[in-house]
Every structure is written in structure tokens, then in C-alpha cells.
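Student: Compute the structure for the input listed below.
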Amino acid sequence: MINIENPTKLIAQLQDVARQAGAKIMEVYHASAETSFKNKADGSPVTVADEAAEAVILPALKMLAPEITIISEENAASHNLTPPDQFFLVDPLDGTKEFLRRDGLGSFTVNIALVEHGAPVLGVVFAPALNRMFSGIVGQGATETTADNMRSISIRPVPATGAIAVASRSHRDAETNQWLEDNGIVDTISTGSSLKFCLVACGDADVYPRFGPTMEWDTAAGDAVLRAAGGKVTNPAGDLFQYAKKDYRNSAFVAHGGL
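Tutor: Below is the predicted model:
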């Protein structure tokens, strides 16, 4: 049970925050043909767009729900906090490599999730370059909103033609390829960021296996949307994926739609 008085109101507020952050990201994206970046200690890139989006999100969340702890990718101090029973997980710009690639695919997102007792219970994923907003409240359903439409989304039964997997564009590895082979999956969609969860949630794909390293802020919002759409995320052994782990670091997982 979600420990929020009005989760529908909160999800609408989070959508607004994500759109505001997305606008800041796109300002940077359109400002010049190239965006400078620096590498963090873990080797991943960070840009002024990451920082500008976070500068929107953190104050907004503190105003909306001052009692809820915020763990955010670009706020390094928050990574040292012991996770409470309820907290926000934020990635202000997921898919920074895709953002820097400027390939026109727009596969980068703003991720905001609420985690309770180790499970994501609601989340929003906004792809500002595509104007696609995915939202989900576990137990109440998931939606996709575009410029001219809002629709309910749900996972699909695996078609007779076979399952389609979605895989990371920047981080696909041999273990992923082996898993796909072992499960007889030959059709794949390649994209970046938490959009991979959302493609499974809306029935464009059936499964998303991930064996490379990720952090909880990379996955929680997309995981919430997928769970709200009827899917689930497990470890490779089939156990339900948990959050509030040590250092907020994920192990391998498989995000299931109808597969």
C-alpha cells in the first residue's frame, strides 16, 4: 500500500517537475552543436544539463514533500545517506551518453521515483526530446502522455511471432547476448536510458535483460512504470528486484513484460 495521502495528485505534480527539468535539458541541447562534459569518479559523464535539471528537481521535491528524503545521482552527499523506509530516487538526466551523442533519437530521460520499503511504488519517466511522459502508480495503472494524447498502457502477451527484447545501446555486453540466445530471442530494439523499461511497459517489447552495472536512480522510475503496467523486475534467479541496497548499486536484472 502506498503511504501517500493522494498519489494521483503527487504523480501529476511530479510530471510537472519532470517537464520543467526537461525544458532545462533541451535549452542546453539546443544551445550549441556540442555540449561539454566532465567525467565523474566512476567514469560516467556529467554535463551542465544534468546539473540544471537537478537544480529544478531537488527544490521542487523539497517543497512538495519536505518530509521525504531525496537520493539523487548528481547529489553525491545523498549517496552516503542510509535509505529510510520512504524516499525519492532521482536521475535528472538518464542517458547522458545518448544526450551527448546528438543522434536525433532523443533516448534520454528525466527519472523521478518514490520508493517505499524497498520497492518503487510510483514514478515518472519523461523523454523531453520526444515529448513522451510515462507515469505509473503501482496498483493503479500506468499511462503515456504525448503532445496530443494520453493513453493507458500495459504489458502485452508475447506474440506468436516471438518475444522482442529491448537492450542497452551503450552498454550491451556478452552476458546479455548469451541470455537472449539462451531464451531464443532474436528480435531486439536498441535504445538508451529508462526508456527501455517503458517500451516493455507499453507493449512495444516483452523483456529487458541487463547484466551491466546500473544504479538505483537509473532504474527505479522505469521499474515503477513497468510494475504499474503489469510487469515486474527480477534478478536473473527470478526473485523480485529490491531497492535501498548498499551504495544504491544494482546487480543484474531482467525487466519482464509478458515473457
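Student: Let me see the contact set for the nearest residue to E74 once chain neighbours are set aside.
Tutor: Using CB to CB, 6 or more residues apart in numbering and skipping the chain neighbours, the partner closest in space to E74 is E54 (4.7 Å). All C-beta atoms are positioned from the backbone trio N, CA, C, and that covers glycine. By CB atoms under 8 Å, 6 or more residues apart in numbering, E54 lies in contact with 21, 72-75, 90, 92.
Student: Which pair in these has the greatest spatial separation?
Tutor: By the measure CB to CB, A21 and N75 form the most distant pair in the contacts of E54, at 13.9 Å.
Student: the more surrounded of these two?
Tutor: More neighbours surround A21 than the other of A21 and N75, with 27 against 16 (other CB atoms under 10 Å).
Student: I'd say that one and F108 touch.
Tutor: No - the criterion here is CB atoms under 8 Å, and A21 misses it with F108 at 11.6 Å.
Student: hmm, back to that, among the contacts of E54, which ones are in strands?
Tutor: Among these, the residues falling in strands (DSSP state E) are 72, 90, 92.
Student: The residue nearest to E74 is in what secondary structure piece?
Tutor: According to DSSP states H and E, E54 maps onto helix 48-64.
Student: Flag every buried residue along that helix.
Tutor: 48-50, 52-54, 56-58, 60-61 (16 or more other CB atoms under 10 Å).
Student: Convert it to PDB, retaining C-alpha atoms only.
Tutor: This file holds the C-alpha atoms of helix 48-64, laid out as PDB (Å, rounded to 0.1, in the frame of the first residue of the first chain):
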ATOM      1  CA  VAL A  48      25.600  21.200 -17.300                       C
ATOM      2  CA  ALA A  49      22.200  19.800 -18.400                       C
ATOM      3  CA  ASP A  50      22.400  17.200 -15.600                       C
ATOM      4  CA  GLU A  51      23.100  19.900 -13.100                       C
ATOM      5  CA  ALA A  52      20.500  22.300 -14.500                       C
ATOM      6  CA  ALA A  53      17.800  19.600 -14.300                       C
ATOM      7  CA  GLU A  54      18.700  18.700 -10.800                       C
ATOM      8  CA  ALA A  55      18.600  22.300  -9.800                       C
ATOM      9  CA  VAL A  56      15.000  22.300 -10.800                       C
ATOM     10  CA  ILE A  57      14.000  18.900  -9.300                       C
ATOM     11  CA  LEU A  58      15.500  19.000  -5.800                       C
ATOM     12  CA  PRO A  59      13.900  22.300  -4.600                       C
ATOM     13  CA  ALA A  60      10.600  21.300  -6.200                       C
ATOM     14  CA  LEU A  61      10.500  17.900  -4.400                       C
ATOM     15  CA  LYS A  62      11.500  19.600  -1.100                       C
ATOM     16  CA  MET A  63       8.600  21.900  -1.500                       C
ATOM     17  CA  LEU A  64       6.100  19.200  -2.500                       C
END
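Student: how does this protein divide into domains?
Tutor: 7-153, 164-256 (automatic domain parsing).
Student: Format those domains as TSV; extra columns: mean pLDDT.
Tutor: Output for those, formatted as TSV (pLDDT from 0 to 100):
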stretch	mean pLDDT
domain 7-153	91
domain 164-256	93
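Student: list the contacts for the closest residue to S194 other than its chain neighbours?
Tutor: Residue nearest to S194 in three dimensions, not counting chain neighbours: G222, with 3.5 Å by CB to CB, 6+ apart. Counting by CB under 8 Å, 6+ apart, G222 makes contact with 111, 123, 125, 134, 194-198, 201, 255.
Student: if you set the cut-off to 7 Å instead, what comes out?
Tutor: G222 makes contacts with 111, 125, 194, 196-198, as judged by CB atoms under 7 Å, 6 or more residues apart in numbering.
Student: And the strands in the stretch 151-259 of the chain?
Tutor: Read by DSSP state E, counting those that start in this stretch, the stretch 151-259 of the chain holds these strands, from start to end of the chain: 164-168, 187-191, 207-210, 232-234, 253-256.
Student: related to what we said a few turns ago, let me have the ones in strands among the contacts of E54 in CSV, extended by distance to S154 and neighbour count.
Tutor: Converted to CSV, the ones in strands among the contacts of E54 look like this (distance: CB to CB, whole Å; neighbours: other CB atoms under 10 Å):
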residue, distance to S154, neighbour count
S72, 30, 21
V90, 26, 28
P92, 28, 30
